[in-house]
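S.K.: build the 3D model from these lines:
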Amino acid sequence: MTNKLEQLKKMTTVVADTGDLEAIGHWRPQDATTNPSLLLKAAASEAYRPMLDKAVARAIRHSGSDREQLSIATDTLAVLAGKEILGLIPGVVSTEVDARLSFDTAATLERARRLVELYDHEGVDTSRVLIKIASTWEGIRAAEQLEKEGIRCNLTLLFSFTQAVAAAQAGAHLISPFVGRILDWHLANSGRDQFPPSEDPGVQSVSRIYNYYKSNGFDTVIMGASFRNTGEIEMLAGCDRLTISPALLQAIKDDEGELARQLAPDTASSDENPGQLNEKTFRWQLNEDAMATEKLAEGIRKFAADQIELENQVRQLTNNAA
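M.R.: Sure, this is the predicted structure:
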């Protein structure tokens, strides 16, 4: 019998949740996804130094303000990293819009288009790029417009059924429900210190979304993310895609047991009918979900903080090079 990772790959597209080029080269996943936190960690490696130098040089040539130069530099770094990653994988890479723009549709659109232009400038086939945007109302509206322009989107920081419904209704290419962070909240607020995989709130959330999407013919891809243990991954075997850290990829690979499929389109069933969501309904339903509200806000703050830290590193390099 093959190991569980090989079994998983037969029913689910496996994505690497890392910006580490060596790890991506080792695991050779179909797709890869990055975010400011992963880029910040990866930027400390020697493999990223040529990309940092090129990003800084491009920023210095830009005649704008300090903030504009920094945004050019960090966007360039993200694109150069994405280009490098695409050379290691056959599929797509996700590149994230600055989290500080999560509540500004127009600014998100502008930054997303610039990322695509930078990829195009680097000679990258932009059909292999997904633009990651936080699943706020404003972010979902931006994704809706970008999809119409042929720019495919990955709606991230997704914690609720309401966000998933709105994303599908907007025609988003892909959503990233954060399984582990949902579990984190319930462990902190339920009085329990563990959940069996079958009762894991993050697993149940993704399963609910999967059944709703497949039962209603939505084409939006579901990519479970942010896993805390292999049990969560195993309970979502059969989901469209799963983005998994190198440590958990290794753990699954080391397991020679049998992996049963849990999700499949032909057995999906849901009688939920949330109706067409408007802004008021979306905001109210999100507000009523304390976990999703808190984790969305926390996630945006964390990505924004890591973006700022990355900018601080780039600023120091820029000052040294000037």
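S.K.: wait, what's in contact with the closest residue to Ala134 other than its chain neighbours?
M.R.: Of all residues beyond its chain neighbours, the one nearest Ala134 is Ser102 (4.1 Å), with distances taken as Cβ to Cβ, 6 or more residues apart in numbering. (Each C-beta comes from the backbone N, C-alpha and C, glycine too.) By Cβ atoms under 8 Å, 6 or more residues apart in numbering, the contact set of Ser102 is Thr108, Ile133, Ala134, Thr136, Glu138, Gly139, Ile300.
S.K.: mind running it again at 7 Å?
M.R.: Residues near Ser102 by Cβ atoms under 7 Å, 6 or more residues apart in numbering: Ala134, Thr136, Glu138, Gly139, Ile300.
S.K.: quick check: the farthest pair among the residues you listed?
M.R.: Glu138 and Ile300 (11.3 Å; Cβ to Cβ).
S.K.: which one is Asp66 nearest to, not counting chain neighbours?
M.R.: Nearest to Asp66 is Arg315, by Cβ to Cβ, 6+ apart, at 7.5 Å.
S.K.: now flag whichever of the contacts of Ser102 is closest to Asn189.
M.R.: Closest to Asn189, out of all of the contacts of Ser102 and judged by Cβ to Cβ, is Ile300, at 19.6 Å.
S.K.: quick check, the closest one in contact with Ala99.
M.R.: Yes: counting by Cβ atoms under 7 Å, Ile300 does reach Ala99; the two are 5.0 Å apart.
S.K.: what element comes up after the least confident helix or strand in the chain by mean pLDDT heading to the C-terminus?
M.R.: Lowest by mean pLDDT, DSSP states H and E among the helices and strands of the chain is helix 36-42, with a mean of 83. Tracing the chain past helix 36-42, the next element assigned as helix or strand by DSSP states H and E is helix 49-61.
S.K.: now the angle between helix 49-61 and the longest helix belonging to the chain, please.
M.R.: Ranked by residue count under DSSP state H, the longest helix found in the chain is helix 290-321. Orientation check (axes from the mean of the first three to the mean of the last three Cα atoms, to 10 degrees): helix 290-321 against helix 49-61 gives 80 degrees.
S.K.: go through helix 290-321 and flag the buried ones.
M.R.: The neighbour-count check on helix 290-321 (16 or more other Cβ atoms under 10 Å) flags 291-292, 295-296, 299-300, 302-304, 306-308, 310-311, 313-315, 317-318 as buried.
S.K.: which neighbours do Ile300 and Ala99 share?
M.R.: Ala134.
S.K.: can you map out the strands along the stretch 201-322 of the chain?
M.R.: 221-224, 241-244 (DSSP state E, counting those that start in this stretch).
S.K.: which other helices and strands does the last one contact?
M.R.: The one in question is strand 241-244. Other helices and strands packing on strand 241-244, by 3 or more Cβ pairs under 7 Å, 6 or more residues apart in numbering; DSSP states H and E, are strand 13-17, strand 221-224.
S.K.: looking at those strands, which is closest to Ser205?
M.R.: Among those, the nearest to Ser205 by Cβ to Cβ is strand 221-224 (9.4 Å).
S.K.: strand partners (parallel or antiparallel) of the closest one?
M.R.: Taking DSSP bridges as the criterion, strand 221-224 forms sheet pairs with strand 174-177 (parallel), strand 241-244 (parallel).
S.K.: same list, the ones you listed, but as TSV with mean neighbour count and distance to Ile24 please.
M.R.: Shown next, in TSV, are those (neighbours: other Cβ atoms under 10 Å; distance: least, Cβ to Cβ, whole Å):
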stretch	mean neighbour count	distance to Ile24
strand 174-177	28	18
strand 241-244	24	12
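S.K.: now tabulate these in JSON lines and tack on mean pLDDT and distance to Ala260.
M.R.: Shown next, in JSON lines, are the strands paired with strand 221-224 (pLDDT from 0 to 100; distance: least, Cβ to Cβ, whole Å):
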{"stretch": "strand 174-177", "mean pLDDT": "98", "distance to Ala260": "21"}
{"stretch": "strand 241-244", "mean pLDDT": "97", "distance to Ala260": "15"}
